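Undergrad: I'll drop the sequence and a predicted model, then ask my questions.
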Amino acid sequence: MENKKVIMKVENLHKDFVIHSKKLTEPKKLLHALSDVSFEIYEGETLGIIGESGCGKSTLGRCLVQLHKPTSGTITYKGKDIWSLTGEEHKKARRNIQMIFQDPYSSLDPKKTASYSVEEAMKVHGLGENSRERHQRALEALQEVGLDVQHMERYPHEFSGGQRQRVNIARALSISPKLIVCDEPVSALDVSIQAQVINLFKKIQQERKLTYVFISHDLGIVKYISDRIIIMYLGRIVETYTSEGLYDNPMHPYTQALLSAIPPESPFEKKERVPLEGDIPSPIGQQIGCPLAGRCPKCMDRCRKETPQLKDLGDHHLVACFLYES
């Protein structure tokens, strides 16, 4: 990884949401969606992000594409803070960093055709000299994702789920981005279609030299497509490592429990589950200690009082756990 170029860097990222009470006399509260998140994204790689629902992975993805403004911390793209950019630099960064959303139907205007949706992205970013050129580029983008000229004037309700997601991918590709944040892009699709779309992602990445941030709760898909994986729990990164290394040798108790939930490939294979008892703590209000302390079978007194920081175990294997501190 030392030879790879860093395309995006996240440092000490925090994101809080204000929750207003239904009663005027009660004070407002803060929901800590992200707490002290730091990592790097290398050019040309696929960085997978895994975690339970509510762990903050989608909020993180939205921060990367400037849909959510962080409470504190920095996000730099090619060495420049994306929230301090103005003018043409800001427009170029917005064009180079795109997002593909989870629900392919709600991501498209139901009253507009596939061609219009793709061409609209180019209009927004000032690409194409005229409508004829944009129409031609839209056709090329749709063909690249496996659709054709006959699909250009169809409306979203006339497509299958997999086809709608292909339109969304074509829309992102039409403006030639460098980094794409994929927020559970196949979770709403049938299993047979998921494989086709995942293979399409890999094919496009190789042809266009793209960088992906792939957010998912499907452990099998993330292992297949990712070069490195980040494990998140309650708004924090608890472990990050290469895809194969993480699945072969998970170190954090939460990662071990998460991966133990993957069903064995054979019904005759016995697999030991690592249980996590107790409820997930609330992200609202002050947070003290390790977020997993109340559920971890290896919890120590220190875990309830201090928050562990990511420690490098060698070979860029980072773990946030007191068990590995010397």
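TA: Yes, it's here.
Undergrad: can you pull the contacts of the residue nearest to residue 65 when sequence neighbours are not counted?
TA: Leaving aside its sequence neighbours, residue 65 sits nearest to residue 99 (Cβ to Cβ, 6 or more residues apart in numbering; 4.5 Å). Where you see a C-beta, it was placed from the backbone N, CA and C, and this is true even at glycine. Residue 99 is in contact with 61, 62, 65, 67, 172, 180, 181, 182, 183, counting by Cβ atoms under 8 Å, 6 or more residues apart in numbering.
Undergrad: For those residues, name the two members farthest from one another.
TA: Across these, the longest distance by Cβ to Cβ is 15.1 Å; it joins 62 and 172.
Undergrad: Those two: who's more crowded?
TA: Under the criterion of other Cβ atoms under 10 Å, the comparison of residue 62 against residue 172 puts residue 172 first, with 21 against 18.
Undergrad: and the more buried one, which of the three is it?
TA: At residue 172 the chain is in helix, as set by DSSP: H, G, I helix; E, B strand; the rest coil.
Undergrad: now it: how far from residue 285?
TA: Using Cβ to Cβ, to the nearest Å, residue 172 is found at 38 Å from residue 285.
Undergrad: and what of residue 178?
TA: Relative to residue 285, residue 178 is positioned 39 Å away (Cβ to Cβ).
Undergrad: So which of those two has more stuff around it?
TA: residue 178 (20 against 12).
Undergrad: Correct me if wrong: the more buried one contacts residue 97.
TA: Yes. Using Cβ atoms under 8 Å, residue 178 is in contact with residue 97, at 7.4 Å.
Undergrad: So what's the residue count around residue 15?
TA: Residue 15: 22 neighbours (other Cβ under 10 Å).
Undergrad: what do you get for the one 5 residues further on?
TA: By the criterion of other Cβ under 10 Å, residue 20 has 10 neighbours.
Undergrad: just residue 48 next, same as before
TA: Residue 48 has 28 neighbours, counted by other Cβ under 10 Å.
Undergrad: Pull up the gap between it and residue 229, please.
TA: Noted for residue 48: a distance of 4 Å to residue 229, by Cβ to Cβ.
Undergrad: quick one: low-confidence ranges for the stretch 1-150 of the chain?
TA: 1-2 (pLDDT under 70).
Undergrad: quick one, phi/psi of residue 239?
TA: phi -160, psi 150 (degrees, to the nearest 10).
Undergrad: wait, isn't it in contact with residue 320?
TA: Yes. With contacts defined as Cβ under 8 Å, residue 239 counts as touching residue 320 at a distance of 7.0 Å.
Undergrad: Can you pull the residues that touch both of these two?
TA: residue 252.
Undergrad: Pull the distance from stretch 120-133 to the chain's centre.
TA: Counting by Cα atoms, centre = their mean, to the nearest Å, stretch 120-133 is centred 28 Å from the centre of its parent chain.
Undergrad: ditto for stretch 250-262
TA: Centroid displacement of stretch 250-262 relative to its chain, using Cα atoms, centre = their mean, is 19 Å.
Undergrad: What of stretch 280-296?
TA: Computed by Cα atoms, centre = their mean, the chain-centroid distance of stretch 280-296 equals 23 Å.
Undergrad: So which bits of it are buried?
TA: Neighbour-count burial for stretch 280-296, with 16 or more other Cβ atoms under 10 Å as criterion, is recorded at 280, 283, 287, 289, 290, 291, 292, 293, 294, 295, 296.
Undergrad: pretty sure the fourth one is touching residue 300, no?
TA: In this case it means residue 289. No. The pair residue 289 / residue 300 is not scored as a contact, 10.3 Å apart, by Cβ under 8 Å.
Undergrad: who touches both of the two?
TA: Here residue 289 and residue 300 share no contacting residue, scored by Cβ under 8 Å, 6+ apart.
Undergrad: Which stretches in the chain count as helices?
TA: Under the criterion DSSP state H, the chain carries helices at the ranges 57-64, 87-96, 114-124, 131-144, 161-173, 191-208, 219-225, 243-248, 253-260.
Undergrad: Let's have the ones you listed in JSON lines, adding distance to residue 34.
TA: Shown next, in JSON lines, are these (distance: least, Cβ to Cβ, whole Å):
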{"stretch": "helix 57-64", "distance to residue 34": "6"}
{"stretch": "helix 87-96", "distance to residue 34": "20"}
{"stretch": "helix 114-124", "distance to residue 34": "28"}
{"stretch": "helix 131-144", "distance to residue 34": "33"}
{"stretch": "helix 161-173", "distance to residue 34": "24"}
{"stretch": "helix 191-208", "distance to residue 34": "25"}
{"stretch": "helix 219-225", "distance to residue 34": "19"}
{"stretch": "helix 243-248", "distance to residue 34": "21"}
{"stretch": "helix 253-260", "distance to residue 34": "17"}
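Undergrad: Sweet, I'm off.
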